[in-house]
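[1] A structural model of the following input is requested.
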Amino acid sequence: MRLMNSKPSRGMRLALNLLPFVILLIIYTLASDARLLENPSDKLLPSWSSFADAVQRMAFEPSKRTGEYLLWVDSAASLQRLLLGVGISAFIGLIVGVVSGMLPLFRATFSPLVTAISLIPPMAILPILFIVFGLGELSKVMLIIIGICPILIRDLQLRTQSLPKEQLLKAQTLGANSWQIMIRVVLPQVLPPLVSAVRLTLGSAWLFLIAGEAIAATEGLGYRIFLIRRYLAMDVILPYVLWIAVLAFLMDTILRLISKRAFPWYHGRGADAHE
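    Sure thing, here's the model as predicted:
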């Protein structure tokens with residue numbers, strides 16, 4: 001039996017999923033113990049007890065300066081910016097992508113512009129965003145939108161163009177106009193790919209969010225990480241990074257479950273291909 005045809009059972013798949021994380025934890029524990037044994041004041045690889053103390057201090061004890069629970073305040077601020085930026089990007093990407101994919105005149109006019117914008121590194125225009133939109137929330141949300149919206153537009157445009165031409169011809173033969181075809185034929189078929197595209201751009205959205213918060217913010221996960229880096233507080237930085245990974249994983253999982261529940265026909269064609 002060829003290795004490419006071997007599929008793990010459910011239990012083995014779970015064990016294989018956990019194996020890399022277990023290996024990383026073991027490596028970190030051994031490296032941390034070795035460094036702390038040599039220098040008990042070492043800050044690069046804190047002990048697990050230091051992590052527990054930092055999490056207790058940041059998440060479950062009010063700040064002495066503000067009286068707020070910093071981890072939850074930072075998480076709420078970051079999630080608000082992220083969800084707003086991703087939501088607006090998904091809406092614009094869906095509308096512009098479908099219209100561009102359906103209407104050749106619109107595509108010929110605006111597709112080159114979208115392509116050009118998608119090739120500009122969003123971080124390069126971050127100073128421009130701060131100058132134009134100020135240092136408030138809008139500039140951070142705009143950074144996310146400019147970073148991922150062109151990608152979503154191009155993906156939805158390609159998805160729309162790849163739909164079977166026979167469907168569009170049959171709809172026209174039955175008397176449907178462009179608007180009806182867009183709503184009744186195209187839109188239901190591109191919504192599942194839209195969810196998949198949003199899932200793929202979540203990592204980039206988090207990157208732009210953290211970058212914006214690191215430069216100009218008074219609260220947020222990125223702000224806190226870059227604020228305490230000057231103290232080499234790895235016992236706080238690493239839990240914050242892990243918490244970001246957990247939030248990103250939860251968002252991806254929620255989107256995947258929503259897609260499966262809302263579009264079972266899409267995942268039924270080949271569930272493995274859409275995971």
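
[2] ok, the residue nearest the centre of the chain - contacts?
    The centroid of the chain falls nearest to residue 202 when counting by CA atoms, centre = their mean (1.2 Å). Shown in contact with residue 202 (CB atoms under 8 Å, 6 or more residues apart in numbering): 86, 248, 251, 252. Any C-beta I mention is one placed from the backbone N, CA and C, and that applies to glycine too.

[3] Among the residues you listed, which one is most surrounded by other residues?
    Top of the contacts of residue 202 by neighbour number is residue 86, holding 24 neighbours under the definition other CB atoms under 10 Å.

[4] do you know how far the residue nearest to the centre of the chain is from residue 76?
    Distance, residue 202 to residue 76, by CB to CB, to the nearest Å: 18 Å.

[5] in what helix or strand does residue 241 lie?
    For residue 241, the host element (DSSP states H and E) is helix 234-262.

[6] buried sites along that helix?
    Of all the residues in helix 234-262, those buried under the rule 16 or more other CB atoms under 10 Å are 234-240, 243-244, 247, 251, 255-256, 259-260.

[7] how far away is residue 165 from residue 180?
    For residue 165 relative to residue 180 (CB to CB), the value is 17 Å.

[8] quick one on the thing from earlier: which helices and strands does the helix holding residue 241 pack with?
    When contacts are defined as 3 or more CB pairs under 8 Å, 6 or more residues apart in numbering; DSSP states H and E, helix 234-262 sits against helix 48-59, helix 70-102, helix 187-215, helix 221-228, helix 264-268.

[9] tilt between the helix or strand following the longest one and helix 70-102?
    The reference is to helix 70-102. Of the helices and strands lying after helix 70-102 in sequence (DSSP H and E), the nearest is helix 104-118. Computed with axes from the mean of the first three to the mean of the last three CA atoms, to 10 degrees, the direction of helix 104-118 lies at 140 degrees from that of helix 70-102.

[10] Only the buried residues of helix 104-118, if you could.
    107, 110, 111, 114, 117, 118.

[11] Ok, stretch 26-45 next?
    For stretch 26-45, by 16+ other CB under 10 Å, it's 32, 35, 36, 42, 45.

[12] follow-up on the earlier one: angle of the helix holding residue 241 against helix 187-215?
    Interaxial angle of helix 234-262 relative to helix 187-215 (the same axes, to 10 degrees): 170 degrees.

[13] Let me see the mean pLDDT of helix 234-262.
    Helix 234-262 comes out with an average pLDDT of 94.

[14] and the direction of that helix versus that of helix 221-228, what angle?
    Using the same axes, to 10 degrees: helix 234-262 against helix 221-228 is 170 degrees.

[15] where in the stretch 151-275 of the chain is pLDDT low?
    Along the stretch 151-275 of the chain, segments meeting pLDDT under 70 span 269-275.

[16] picking that back up, more neighbours, residue 165 and residue 180?
    residue 180 (13 against 9).

[17] Output the below-cut-off pLDDT ranges for the stretch 1-150 of the chain.
    1.

[18] Checking residue 218 next. Helix, strand or coil?
    coil (DSSP: H, G, I helix; E, B strand; the rest coil).

[19] For it, grab phi and psi.
    Taking degrees, to the nearest 10, you get phi -120, psi 0 for the backbone angles of residue 218.

[20] What of residue 60?
    Here is the backbone geometry of residue 60 (degrees, to the nearest 10): phi -120, psi 10.

[21] Ignoring the adjacent residues along the chain, who's closest to it?
    Sequence neighbours aside, residue 69 is the residue nearest to residue 60 in space, at 7.0 Å (criterion: CB to CB, 6 or more residues apart in numbering).
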